[in-house]
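Enquirer: I would like to see how this sequence folds:
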Amino acid sequence: MAIHVVRFSHSHRIQWGMVFQNQITPLPGEYATTADFIRSNPVEGLREFAKSSAASKTLLALADVQILSPVTTNQQFICQGANYRQHMIESGMDPDAKSYNMIFTKATSCIVPADSDLVKPAQVRFLDYEIELGLILKRDVLAKTVVTDANLHEFVAGAVIVNDYSARDIQIPQTQFYKGKSFRTFGPVGPFLCLMTPAEMKHLKNLQLTLTVNGQTRQKDSTANLVFGPAETLTELSGVQDLFVGDLLSTGTPAGCALSVPSPFKQRVGALLPEKTKWAIFNKVQEGRDQYLKAGDIVEARIQSPDGVIDLGVQRNKVVNGR
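Expert: Residues are numbered from 1 along each chain as shown. I've put the predicted structure just below:
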C-alpha cells in the first residue's frame, strides 16, 4: 500500500507522521520544510518503519492534532491551466488542437492547511473553486531533462489535493492569473501527502476527483482525461526553469467551475468591442451565475483511486468574508 503522511502540530511541536485509518504514528526527526522531509524519508524506509515495533509505540488521533499543509511555503507553487479535456471544451478550446501547455504560478503565501477557512476579500465579486491533483517533486531538476512514464518515479515523490481558488473578476478582465489566484488562503493543500513506489505511479493516470459545494457535486472527473500529463509537463518545465525537491506542481482542474466562458464566436465579437463595454458584458453574465462562492458556503474536495490504494483525504473549506 502507498504511504500516506501528514504534517501536523501537537503539543506545540510541528511533526510529520504516517496515517493509519484515523490515527497518526509520529515519525522520528524534525523537518522544517517539505524538501527536508522528502530527502530524509524515502518511501522504502517508511515502509520498513511501519513494520517496526516503534511504529506502534505512540499513536495520535487525527482529531487531536492540528493538520498543517504538507507543502511548506518555501517551495515553488507551479500550476497548469485548462488541462482537462472537458474543461478545455467548456472554455472554448479544442483539446485535440491545443499545442501548448498553459503554465502559471501562485504566491506561496496563499498555501494553507486543508481545512482552513477560505477568506473572500471584500473587493472580490466572483470567487471560484478548482479542485486539482498536486504532485510533489522528489529531486532537483537543474537542466533540461527528459521525463517519461517509465522514469517518472525518479522525479515525483507523491500526490496531494490542491484547490486553486480564483477571483475571476481579477484573473479574467485584468489578465492577471497570479493576482487573481494568489490571495491569502487561496491555496489549501492536503490533508495527506501520498508517497508512492515506482509500481504505484500508474495510479496517477486514474485518480477520481470530486468537488462539492454545500453537498452538491460541481466537479467530477478522472486524471485519465488530463491533456498534458506529468511526464511531458516536467520535461517542458525543465527546459525553462530550475525545479527543486518538495516543489508543488498543480495539474489543472476539471470542468464544472462557476466561471461562464463565452463561445468562440462571442469571444471574437467581444474582441471588437471597446474594453469598457466588453468587460461590462462579462460582469453582467457572471452576476447571473449563482455557482460563485459566498460566505457560509462549504467546499469539499476529494481525490482517490477507484481501488482505494490512493486516498488523499478530504479538504473542507468554509467561505468567510474578509476585508
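Enquirer: skipping its backbone neighbours, what lies nearest residue 102 in space?
Expert: Setting aside the residues directly before and after it, residue 102 is nearest to residue 81 in space (Cβ to Cβ, 6 or more residues apart in numbering), at 3.7 Å. (C-beta placed from N, C-alpha, C; glycine too.)
Enquirer: quick check: the gap between the residue nearest to residue 24 when sequence neighbours are not counted and residue 75.
Expert: Taking Cβ to Cβ, 6+ apart, and ignoring the residues beside it in sequence, residue 24 has residue 17 as its nearest neighbour in space, at 4.0 Å. For residue 17, the distance to residue 75 (Cβ to Cβ, to the nearest Å) stands at 20 Å.
Enquirer: show me what counts as buried in stretch 97-115.
Expert: Neighbour-count burial for stretch 97-115 flags 101-104, 106-108, 110-115 (criterion: 16 or more other Cβ atoms under 10 Å).
Enquirer: how long is that stretch from one end to the other?
Expert: The straight-line separation of the ends of stretch 97-115 (Cα to Cα, to the nearest Å) is 38 Å.
Enquirer: quick check, distance from it to the centre of its chain.
Expert: 7 Å (Cα atoms, centre = their mean, to the nearest Å).
Enquirer: so what's the residue nearest to residue 24 bridging to?
Expert: Under the criterion DSSP bridges, residue 17 forms beta bridges with residue 6, residue 26.
Enquirer: domain ranges for the chain?
Expert: 3-68, 77-321 (automatic domain parsing).
Enquirer: just give me the longest helix of this structure.
Expert: Longest among the helix segments of the chain by residue count, using DSSP state H, is helix 275-287.
Enquirer: which neighbouring elements make contact with the helix or strand following that helix?
Expert: Beyond helix 275-287 on the C-terminal side, the first helix or strand identified by DSSP states H and E is strand 298-304. In terms of contact count using 3 or more Cβ pairs under 8 Å, 6 or more residues apart in numbering; DSSP states H and E, strand 298-304 is assigned the packing partners strand 131-137, strand 156-163, strand 208-213, strand 311-321.
Enquirer: how about the longest one as PDB, C-alpha atoms only?
Expert: As requested, C-alpha coordinates have been extracted for strand 311-321 and formatted as PDB (Å, rounded to 0.1, in the frame of the first residue of the first chain):
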ATOM      1  CA  ASP A 311      -6.700   8.300  -0.800                       C
ATOM      2  CA  LEU A 312      -5.600  11.900  -0.300                       C
ATOM      3  CA  GLY A 313      -8.300  12.600   2.300                       C
ATOM      4  CA  VAL A 314     -10.900  15.400   2.300                       C
ATOM      5  CA  GLN A 315     -10.400  19.100   2.100                       C
ATOM      6  CA  ARG A 316     -13.200  21.100   3.700                       C
ATOM      7  CA  ASN A 317     -13.200  24.900   3.400                       C
ATOM      8  CA  LYS A 318     -15.800  27.300   4.800                       C
ATOM      9  CA  VAL A 319     -16.100  30.600   2.900                       C
ATOM     10  CA  VAL A 320     -15.900  33.700   5.200                       C
ATOM     11  CA  ASN A 321     -15.900  37.400   4.300                       C
END
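Enquirer: can you list contacts of that strand?
Expert: Under the criterion Cβ atoms under 8 Å, 6 or more residues apart in numbering, residues 4, 114-120, 122, 127, 159-161, 163, 188, 190-192, 194, 293-305 lie in contact with strand 311-321.
Enquirer: pull up the pairing partners for it, direction included.
Expert: Take DSSP bridges as the rule and strand 311-321 pairs in its sheet with strand 118-120 (parallel), strand 298-304 (antiparallel).
Enquirer: try the third one
Expert: Using DSSP bridges, strand 208-213 pairs in its sheet with strand 216-222 (antiparallel), strand 298-304 (antiparallel).
Enquirer: in TSV: those strands, plus mean pLDDT and distance to residue 285.
Expert: Compiled in TSV, the strands paired with strand 208-213 are given as follows (pLDDT from 0 to 100; distance: least, Cβ to Cβ, whole Å):
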stretch	mean pLDDT	distance to residue 285
strand 216-222	98	18
strand 298-304	98	22
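Enquirer: tell me the most buried of these?
Expert: Most buried of the strands paired with strand 208-213, by mean neighbour count (mean count of other Cβ atoms under 10 Å): strand 298-304, with a mean of 20.
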